[in-house]
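S.K.: Kindly generate the corresponding structure for this input.
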Amino acid sequence: MRLRVEFTTEPFDLDEAPAHAVVAREIVIGAELDAVDVGPFGNTAEGDADRVLGAVGALLRQSLEAGATRVSLQVNVIADDRQGGAAEDEGDAT
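M.R.: Prediction:
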C-alpha cells in the first residue's frame, strides 16, 4: 500500500522557519519517501505505507518536542501503479 501525507506545523513564522518546522522537514526528507514537497504552508510526501507511517510517528514526536503547538496532518491511500493497487477515493464509484 502507498500513502500520501500532507502536514503543517504551527506556530508559523514568516521571517524564519521555526525549529519544529525544520525538524519535521528533515524527518520527511530523510525517510526515503517519494515526491517530497516542502513549503512554508504545507508539506507533502508519498511512499510505502510502513515508511510513511514511521515518518509520521517521528514527525509528531520530534516536532512537538521542538516547540510545535499544533501539527495538522492528513494521510491518504493512493494508487500504486506498480502493484495494481486500489485507486484513491475508491468508494466514490457508482
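S.K.: Go ahead and confirm residue 70 touches residue 10.
M.R.: Yes: the pair residue 70 / residue 10 is scored as a contact, 4.2 Å apart, by CB atoms under 8 Å. Any C-beta I mention is one placed from the backbone N, CA and C, and that applies to glycine too.
S.K.: more crowded one of these two?
M.R.: In terms of neighbours (other CB atoms under 10 Å), residue 10 is the more surrounded of residue 70 and residue 10; the figures are 15 against 11.
S.K.: Contacts only, for the more buried one.
M.R.: 68-72 (CB atoms under 8 Å, 6 or more residues apart in numbering).
S.K.: anything in contact with each of residue 70 and residue 10?
M.R.: Joint contacts of residue 70 and residue 10 (CB under 8 Å, 6+ apart) do not exist.
S.K.: before we move on, the earlier item: ok, and the most crowded of the contacts of residue 10?
M.R.: Neighbour max across the contacts of residue 10 (other CB under 10 Å) = residue 68, 21 neighbours.
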